[in-house]
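Participant: next one to model:
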Amino acid sequence: MSIETELKLYIDPKYIKQFLNHSLLKDKNYITQDLYNIYYDTSEHDLLRSGVGLRVRRVDDKWIQTMKTANQAVDGLHQRQEWEKEINSEVPEYDKFPVLPLFTTNFQRMKWDLVFDDGSEIELVLDQGEVKANNATVPLSEIELELKAGSVEKLFEVAEILKEQVPLSIKNDTKAAIGYALLNVNEI
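Facilitator: As a prediction, the model looks like this:
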């Protein structure tokens with residue numbers, strides 16, 4: 001188990017090119033991944049009610065099962081406990097744990113690993129795609145700054161540097177919250 005600490009920012013798709021040319025990212029290497037995610041819960045939304053999220057993500061030819069605790073989001077800063085395990089398929093591996101697929105996210109991720117002189121390390125990602133539930137689809141366009149080493153203040157500092165050249169706004173909704181909203185399920 002680990003504690004995930006990240007800052008989420010909304011970016012209007014019309015500013016993606018401007019973002020990609022940002023001086024902070026210019027001449028830096030990045031990787032691109034296509035990520036497909038299925039979010040699970042019981043028919044009565046017991047996981048949501050308990051403050052837990054269950055996701056299975058396909059990364060290349062692997063399936064990763066992730067369980068996250070309730071999201072603590074203040075001013076776009078998200079902190080939560082997280083457990084990950086590689087599994088054999090898109091079906092969660094929990095005996096006697098009734099879950100059903102509720103919604104999916106399908107997006108392309110561009111990822112940069114930023115290392116600063118003060119020893120801070122931040123994973124910066126740009127996610128572009130969609131959240132889909134039932135017959136509804138919502139576009140997804142966000143930046144995540146995940147703290148790997150250093151202080152939380154560095155996340156906000158990097159966000160301010162990005163915002164100097166690209167219009168961005170703080171984002172408190174997670175991808176899971178958007179999916180549940182499409183299902184008309186409010187957090188309990």
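
Participant: then the one helix or strand Q65 maps to to CSV, C-alphas only?
Facilitator: Per DSSP states H and E, Q65 falls inside strand 62-69. Extracted in CSV, the C-alpha atoms of strand 62-69 (Å, rounded to 0.1, in the frame of the first residue of the first chain):
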residue,chain,number,x,y,z
LYS,A,62,-1.1,-6.5,-18.6
TRP,A,63,-4.1,-6.0,-16.3
ILE,A,64,-3.6,-4.1,-13.1
GLN,A,65,-6.2,-4.2,-10.3
THR,A,66,-6.2,-1.1,-8.2
MET,A,67,-8.2,-0.4,-5.0
LYS,A,68,-8.2,3.2,-3.7
THR,A,69,-9.7,4.6,-0.5
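
Participant: mind listing what's buried in it?
Facilitator: W63, Q65, T66, M67, K68, T69 (16 or more other Cβ atoms under 10 Å). (Each C-beta comes from the backbone N, C-alpha and C, glycine too.)

Participant: give the other helices and strands that that strand contacts.
Facilitator: Helices and strands touching strand 62-69, as assessed by 3 or more Cβ pairs under 8 Å, 6 or more residues apart in numbering; DSSP states H and E, comprise strand 52-59, strand 77-87.
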